[in-house]
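K.L.:
Starting from these lines, generate the structure:
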Amino acid sequence: METIRIRDEFIKLGQALKLAGLVDSGVEAKVVITEGCVKVNGGTERQRGKKLRDGDIVEYGDKSFRVESCL
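P.N.:
Here you go, the predicted model:
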């Protein structure tokens, strides 16, 4: 499992997918999220603006990453 590091308290789900390299654009992130293809902490998440915090785990397809805050 990969880790993405953020400098703030949270990152929005769409931004995190782009940062992790799992999607190429915000439009692509919106599509995969609203279609129910992304899980956060084991549950399907359909809100692109969902705030991810330290320790959250995101799954998309066969890839996953953990959010780590550097605060």
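
K.L.:
how about stretch 11-25: buried residues?
P.N.:
Ile11, Lys12, Leu13, Gly14, Gln15, Ala16, Leu17, Lys18, Ala20, Leu22, Val23 (16 or more other CB atoms under 10 Å). Backbone N, C-alpha and C define where each C-beta goes, glycine included.

K.L.:
quick one: which of these sit in strands?
P.N.:
Cross-referencing these against strands under DSSP state E gives Ile11, Lys12.

K.L.:
Nearest to Lys30, out of the buried residues of stretch 11-25: which one, please.
P.N.:
Gly14 (6.4 Å; CB to CB).

K.L.:
what are the ranges of the strands in the protein?
P.N.:
With strands called from DSSP E, the chain shows them at 2-6, 10-12, 38-40, 43-44, 51-53, 57-60, 63-69.

K.L.:
And the longest one, what does it pack against?
P.N.:
Using 3 or more CB pairs under 8 Å, 6 or more residues apart in numbering; DSSP states H and E as the contact criterion, the secondary-structure elements in contact with strand 63-69 are strand 2-6, strand 51-53, strand 57-60.

K.L.:
In a markdown table: those, plus mean neighbour count, mean pLDDT and distance to Glu28.
P.N.:
Shown next, in a markdown table, are the helices and strands packed on strand 63-69 (neighbours: other CB atoms under 10 Å; pLDDT from 0 to 100; distance: least, CB to CB, whole Å):
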| stretch | mean neighbour count | mean pLDDT | distance to Glu28 |
| --- | --- | --- | --- |
| strand 2-6 | 13 | 95 | 17 |
| strand 51-53 | 16 | 98 | 18 |
| strand 57-60 | 18 | 98 | 11 |
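
K.L.:
Thank you, goodbye.
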